[in-house]
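**Student:** Dropping a prediction and its sequence here:
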Amino acid sequence: MALHTPRTIKHSPHLPFGDRQDGPWYGRDILSVKQFTRSDLDYIFGVAAEMEEMVRRVGSFDLLKGKILANLFYEPSTRTSSSFTAAMERLGGSVIPINEVRYSSVSKGESLPDTIRTLEAYADVIVLRHPEVGSAELAAKYARKPIINAGDGIGEHPTQALLDLFTIQQEMGKINGLTVTMVGDLKYGRTVHSLARLLTLYDVRINYVSPDILRMPAHILEEVQAAGTPQAEYDSLFPVISESDVLYVTRVQKERFTDESEYEKVKDAYIITPETMQSAQEEMIVMHPLPRVGEISMEVDDDPRAAYFRQMEYGLYVRMALLAMVLGKS
Amino acid sequence: MALHTPRTIKHSPHLPFGDRQDGPWYGRDILSVKQFTRSDLDYIFGVAAEMEEMVRRVGSFDLLKGKILANLFYEPSTRTSSSFTAAMERLGGSVIPINEVRYSSVSKGESLPDTIRTLEAYADVIVLRHPEVGSAELAAKYARKPIINAGDGIGEHPTQALLDLFTIQQEMGKINGLTVTMVGDLKYGRTVHSLARLLTLYDVRINYVSPDILRMPAHILEEVQAAGTPQAEYDSLFPVISESDVLYVTRVQKERFTDESEYEKVKDAYIITPETMQSAQEEMIVMHPLPRVGEISMEVDDDPRAAYFRQMEYGLYVRMALLAMVLGKS
Amino acid sequence: MALHTPRTIKHSPHLPFGDRQDGPWYGRDILSVKQFTRSDLDYIFGVAAEMEEMVRRVGSFDLLKGKILANLFYEPSTRTSSSFTAAMERLGGSVIPINEVRYSSVSKGESLPDTIRTLEAYADVIVLRHPEVGSAELAAKYARKPIINAGDGIGEHPTQALLDLFTIQQEMGKINGLTVTMVGDLKYGRTVHSLARLLTLYDVRINYVSPDILRMPAHILEEVQAAGTPQAEYDSLFPVISESDVLYVTRVQKERFTDESEYEKVKDAYIITPETMQSAQEEMIVMHPLPRVGEISMEVDDDPRAAYFRQMEYGLYVRMALLAMVLGKS
């Protein structure tokens, strides 16, 4: 698939903006989990681990001093927006925050390509969150500066998938050989779809636990099977909790059920409580893309296996890595 | 009371984020004026005076270079938000501005503790403005990074109280021995309650001037009396203007009166005009927490005793001091 | 006219904020195109050209390190706001972004002068966008720190006019001797009015192409004539396209027409297409203040004469120059 091939380096006589750049990822876009090979992931996680080491030692450093990120959010997402802002600032760079596009003249009839070409006159890299599927790819088609997709509707959110996988690697020390159990709403959850895809690049086993109407979509199951990754579906956590190395929890939303009594019947089966944790391995980790609203009991937060807040921190390191890479500094 | 005792330093193996820190305030929260002893105030104002000196000499300096402030405002307050942003930036640090929480996914059902634990994965310190009383304390309970309360509803706004007191000290050269007259709405004014509390740590005399229905609440009067601070109530400025060293003005809002004719009768009595200033001492200062809407005539602005815009600047220095202190740099 | 005379340098014993400043523009306001002489423009464009050179060589540099810009937008304008933010950040300075004034306490009855005097307690320079004509001048009257007008209603938007002119100079290598053709809505277009005014300081010829109801206002035509600048009006691009060195396009909005059939009749005559470009000179440039909504076909974007995205970049350099100048660094 075309995305696997490195893209032509973006460069223009009109917009060099700065000192010499280098590195294998310089000028590339981050658009989709489909673009990554296993060796790409190894590279990204290697850089992210260096970022983690540096942040823990010195907090921030000036790798991207003088570089500017345009943080362009057509829909609000404080979590993702703050994470990219912090990532840029911990690397010594600056941010142009653009959070209220819906009120703004750039949205009044202006096309996304025009907005992007305006912002790249000011910035060195653009992070884009947009409600429409395919918008990041459209932006990248017109941009001469690198575009990082921070979520395009029900499409892709590749940096979330990368941080999920990096969390597993850093917390467990490896990915190969693990059993990853996804629980909750597997039908509409963009994050579990992307994670399942990326996991097929490793030697893992995947369990899916969900109510019948929220099962993992057939096309994802087919992709995983085609990759030769062992997988199995369940409607209860009970048979798989003790064999799981990673428990990836997502929210079962009432609105997904047409029959409310159906929701009432199943909802408690997918809530993680201290009792759930008693059946789990000593070394298991619990993950969640957040926000959580009740699907993991707050009493679990103090369990050392609760990795969901540390997951946010791994997200910082992954985004630092990606910014440094596409700006030619890693 | 527990808040007077220094809190355990917040620290975690997961989140050191940077170089060695030190100082007596490292990792502490700023939640309430009740937490400060007289010696705490001396320390804070000493650091704030150094900040003032440095800003006047060099504008900005890199004491907090590489540190990140998450400026989390659940309700808009341009004045306070801008002041903290400037304070962080003048110390060489960076800011994650989060101003639109009401539209954002972090507010969609996510608990405040979860939002705080997410942001501390990115930032070194969190400034919180929230409409609910007690929210800053709740945030601090869960956070491993320091929390600074920038106003929690009708609860506390401790940095406002500190800047008010620092203004008096810097403008008058001392606090002990002064007569401070508070005028206007003393019933609902959060700032005058906090200021009265802090003033009991000094040797001062306090006058309260207000319409009958907007008198200082009994529990504040009792606190002040219990501390042995002389105080007196008036319904007119006339008898006390000439003995006042500090005139602290707040707004009398029409909405507070059920009987509009009552409002019309009293409103002019609490407006500061050039005529008011003629009865005042040569060395008196006029303060106001701002915004003002008519309660001080614009003709007073050019009077050198009008200290309310300088008060904003002292706020910058106090907030610089607090940020440097809780990050272990002062 | 008073604005031509350099203003008294703003300075106050209360607010020096930093190291020694210098330079002929230190402390001045940027309020109106009427304030600039030809020699002012030469100076500004000289500094802007240095900024361009520096950005292309090193991206960013620390000329304004430690300085703070308050970016105060009472109405949203992502383009202008982002441009000033990037300008300040590429000079090593910081920004206080204030984008949501309408929700904020500073707008609740507080006067513009009070808001300005509050912000100058925190910042070194204020960029102001406000819906009311004359607001920038009002702000400057009260401010001790420099004010840059980023658009006050249908009044002035001087930095847009400067960047338009700088674009012409940089793209064509000169301004004298050129024929500049303005096309579209010349009646309501603030940008073409200001540009026409500034062009009278040079030896140029101006063509106006518009539907009859959207002709250039008489008072602008009179100003241009009084300056001795040759000008002519047309209702079609056809007779002048081949003699034009610069084609400055603005949008013809349906809402301007009371009779929709009138709009339908004329609208296509003012759309720039590849066919239009075939009649144009090899060295002509096409400009547009953006956003564009159909008045220049996207097929024109790849034509090297399409200068409208480069125009955004020249805007960055002009705003960098102005910030450096009023802060005494150029």
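**Tutor:** All right, it came through fine.

**Student:** The lengthiest helix in chain A vs chain B: in contact?
**Tutor:** Secondary structure of chain A per DSSP state H: the longest helix is helix A:38-58. Yes: judged by CB under 8 Å from any CB of the partner chain, helix A:38-58 and chain B are in contact via A:55-58. For glycine as for every other residue, the C-beta is placed from the backbone atoms N, C-alpha and C.

**Student:** Give me the contacts around stretch A:284-293.
**Tutor:** Stretch A:284-293 has contacts (CB atoms under 8 Å, 6 or more residues apart in numbering or on different chains) with A:79, A:160, A:164, A:167-168, A:171-172, A:189, A:191, A:244-251, A:272, A:277, A:295-296, A:300, A:303, A:305-308, A:311-312, B:105-106, B:108-110, B:114-115, B:118.

**Student:** go again using 7 Å as the cut-off
**Tutor:** A:79, A:160, A:164, A:167, A:171-172, A:191, A:244-251, A:272, A:296, A:300, A:305-308, A:311-312, B:105-106, B:108-110, B:114, B:118 (CB atoms under 7 Å, 6 or more residues apart in numbering or on different chains).

**Student:** Give me the subset of these that lies in helices.
**Tutor:** Those of these lying in helices (DSSP H): A:79, A:160, A:164, A:167, A:171-172, A:191, A:308, A:311-312, B:114, B:118.

**Student:** could these go into JSON lines alongside pLDDT and neighbour count?
**Tutor:** Converted to JSON lines, the ones in helices among the contacts of stretch A:284-293 look like this (pLDDT from 0 to 100; neighbours: other CB atoms under 10 Å in any protein chain shown):
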{"residue": "A:R79", "pLDDT": "93", "neighbour count": "22"}
{"residue": "A:Q160", "pLDDT": "97", "neighbour count": "23"}
{"residue": "A:D164", "pLDDT": "98", "neighbour count": "25"}
{"residue": "A:T167", "pLDDT": "98", "neighbour count": "24"}
{"residue": "A:E171", "pLDDT": "98", "neighbour count": "18"}
{"residue": "A:M172", "pLDDT": "98", "neighbour count": "18"}
{"residue": "A:T191", "pLDDT": "93", "neighbour count": "18"}
{"residue": "A:Y308", "pLDDT": "98", "neighbour count": "22"}
{"residue": "A:Q311", "pLDDT": "98", "neighbour count": "26"}
{"residue": "A:M312", "pLDDT": "98", "neighbour count": "23"}
{"residue": "B:D114", "pLDDT": "95", "neighbour count": "22"}
{"residue": "B:T118", "pLDDT": "96", "neighbour count": "25"}
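
**Student:** from those residues, which is closest to chain C?
**Tutor:** A:R79 (19.3 Å; CB to the nearest CB).

**Student:** close enough to count as contact, that closest one and B:L119?
**Tutor:** No: if you go by CB atoms under 7 Å, A:R79 and B:L119 don't touch, sitting 8.7 Å apart.

**Student:** mind listing the helices in chain A by residue range?
**Tutor:** Under DSSP H, chain A gives helices at A:38-58, A:78-90, A:112-119, A:135-142, A:158-172, A:190-199, A:218-226, A:260-266, A:274-278, A:308-326.

**Student:** what's next to stretch A:170-185, contact-wise?
**Tutor:** With CB under 7 Å, 6+ apart, stretch A:170-185 has contacts from A:165, A:168-169, A:192, A:199, A:202-210, A:214, A:237, A:240, A:243-253, A:256, A:270, A:285, A:295, A:307, A:314.

**Student:** Select from those every entry located in strands.
**Tutor:** A:205-209, A:246-249, A:285 (DSSP state E).

**Student:** which of the residues you listed has the most neighbours?
**Tutor:** Highest neighbour count within the ones in strands among the contacts of stretch A:170-185, by other CB atoms under 10 Å in any protein chain shown: A:Y248, with 31 neighbours.

**Student:** Could you check the pLDDT of that residue?
**Tutor:** With respect to pLDDT, A:Y248 has a value of 98.

**Student:** One more: A:D42?
**Tutor:** 97.

**Student:** again, but for the one 4 residues further on
**Tutor:** We have a pLDDT of 97 for A:G46.

**Student:** Over to A:T200?
**Tutor:** pLDDT, read off for A:T200, is 98.

**Student:** residues in contact with it?
**Tutor:** Contacts of A:T200 by CB under 7 Å, 6+ apart are A:223-224, A:227, A:229.

**Student:** Go through those and name the one nearest C:I68.
**Tutor:** Distance ranking of the contacts of A:T200 against C:I68, using CB to CB, places A:E223 first at 50.9 Å.

**Student:** ok, for the closest one, nearest residue in space, not its chain neighbours?
**Tutor:** Nearest non-adjacent residue to A:E223, counting by CB to CB, 6 or more residues apart in numbering or on different chains: A:R197, 6.4 Å away.

**Student:** what's the spacing between the one you found and chain B?
**Tutor:** 23 Å (CB to the nearest CB, to the nearest Å).

**Student:** That residue reaches A:V33, doesn't it?
**Tutor:** Yes: with contact defined as CB under 7 Å, A:R197 and A:V33 form a contacting pair (5.4 Å).

**Student:** picking that back up, between the ones in helices among the contacts of stretch A:284-293, which is closest to A:R38?
**Tutor:** Of the ones in helices among the contacts of stretch A:284-293, the one sitting nearest to A:R38 (CB to CB) turns out to be A:D164, at 15.9 Å.

**Student:** Count the residues that sit near the closest residue to the closest one other than its chain neighbours.
**Tutor:** Spatial nearest neighbour of A:D164, excluding adjacent residues (CB to CB, 6+ apart): A:L195 at 5.0 Å. Counted with other CB under 10 Å, the neighbours of A:L195 add up to 24.

**Student:** can you check A:G189 too?
**Tutor:** 21.

**Student:** and if you look at the one 10 residues further on?
**Tutor:** Number of residues near A:L199 (other CB under 10 Å) recorded here: 26.

**Student:** so who does it touch?
**Tutor:** A:180, A:206, A:229.

**Student:** how near is the residue lying closest to A:F238 once chain neighbours are set aside to chain B?
**Tutor:** Once flanking residues are discounted, A:F238 sits nearest to A:S279: 7.8 Å by CB to CB, 6+ apart. A:S279 is 25 Å from chain B, where distance means CB to the nearest CB.

**Student:** Tell me where the model's unsure across the stretch 151-300 of chain A.
**Tutor:** Within the stretch 151-300 of chain A, no stretch falls below the threshold (pLDDT under 70).

**Student:** Could you show which parts of it are in contact with chain B?
**Tutor:** A:290-293 (CB under 7 Å from any CB of the partner chain).

**Student:** repeat that with 10 Å
**Tutor:** A:251, A:288, A:290-294, A:298 (CB under 10 Å from any CB of the partner chain).

**Student:** Any of these buried? List them.
**Tutor:** Neighbour-count burial (16 or more other CB atoms under 10 Å in any protein chain shown) applied to these gives A:251, A:288, A:290-292.

**Student:** Using the record's domain definitions, break chain A down for me.
**Tutor:** As given by automatic domain parsing, the domain ranges for chain A are A:2-157+A:313-326, A:159-312.
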